[in-house]
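Chemist: predicted structure and sequence below. I'll ask about it afterward.
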Amino acid sequence: MPRITDSIEIDESELEESFVRASGPGGQNVNKVSSAVHLRFDIAASSLPDAIKQRLLALSDQRITEGGVVVIKAQAHRSQDMNRAEALQRLAQLVDSVARPPKPRRPTRPSVKTTPRSYSLRTLTMFVRMTNPIKIRNPR
């Protein structure tokens, strides 16, 4: 059972793994051995708390499909076990990134430079001219 935090664990039965041949260089080994791992994790059917599920589904991450399934492909290592461990670690990092609720934004007072009093006369004149264009009639 991969442990995400002290209170969050993912059950092995919620993970679906498939082993495929890795792409890229590797000589004859890459053509014979299925060492890359496709790890699938269905967010909606998982045992994660509802708040974490909602934050995961709200992420705009390319690894999360429209159906709410996280798909992670690990193929950096030559060994199946190391690729599997890396995929589990990446899933744990993804879930851990949303485990803590986001900090609420506190509105701050505007700085002195953003107040209209600090603008120069030229800037104010340009602003007025841009917002209220003068209509010039045809001189005939």
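Modeler: Received it, and whenever you're ready, just let me know what you need. Worth saying up front: this structure is predicted, and the values here are computed from it rather than measured. Numbering: from 1, shown residues only.
Chemist: strands of this structure, start to end?
Modeler: Remark: strands assigned in the chain by DSSP state E are 15-20, 36-42, 69-74.
Chemist: nearest to Thr123 among these would be which one?
Modeler: With distances scored as Cβ to Cβ, the stretch of these nearest to Thr123 is strand 69-74 (49.7 Å). (C-beta placed from N, C-alpha, C; glycine too.)
Chemist: list the buried residues of that closest one.
Modeler: Neighbour counts using 16 or more other Cβ atoms under 10 Å place 70, 72-74 of strand 69-74 among the buried residues.
Chemist: still on that earlier bit, nearest to Leu88, of the strands of the chain?
Modeler: Closest among the strands of the chain, using Cβ to Cβ: strand 36-42, at 7.0 Å.
Chemist: strands paired with that closest one, and their directions?
Modeler: Note on strand 36-42: by DSSP bridges, its sheet partners are strand 15-20 (antiparallel), strand 69-74 (antiparallel).
Chemist: now, which of the buried residues of strand 69-74 sits nearest Glu14?
Modeler: Nearest to Glu14, judged by Cβ to Cβ, of the buried residues of strand 69-74 is Val70 at 10.7 Å.
Chemist: find me the pLDDT at Asp81, would you?
Modeler: At Asp81, the model reports a pLDDT of 91.
Chemist: cool, the one 4 residues further on as well?
Modeler: The predicted local distance difference test score for Ala85 is 91.
Chemist: same question, Lys73
Modeler: 92.
Chemist: pretty sure it is touching His38, no?
Modeler: Yes: the pair Lys73 / His38 is scored as a contact, 5.5 Å apart, by Cβ atoms under 8 Å.
Chemist: once you drop chain neighbours, what's closest to the residue nearest in space to the middle of the chain?
Modeler: Most central in the chain under Cα atoms, centre = their mean is Asp61, positioned 4.0 Å from the mean C-alpha point. Using Cβ to Cβ, 6 or more residues apart in numbering and skipping residues adjacent in sequence, the residue nearest Asp61 is Leu94, 7.2 Å away.
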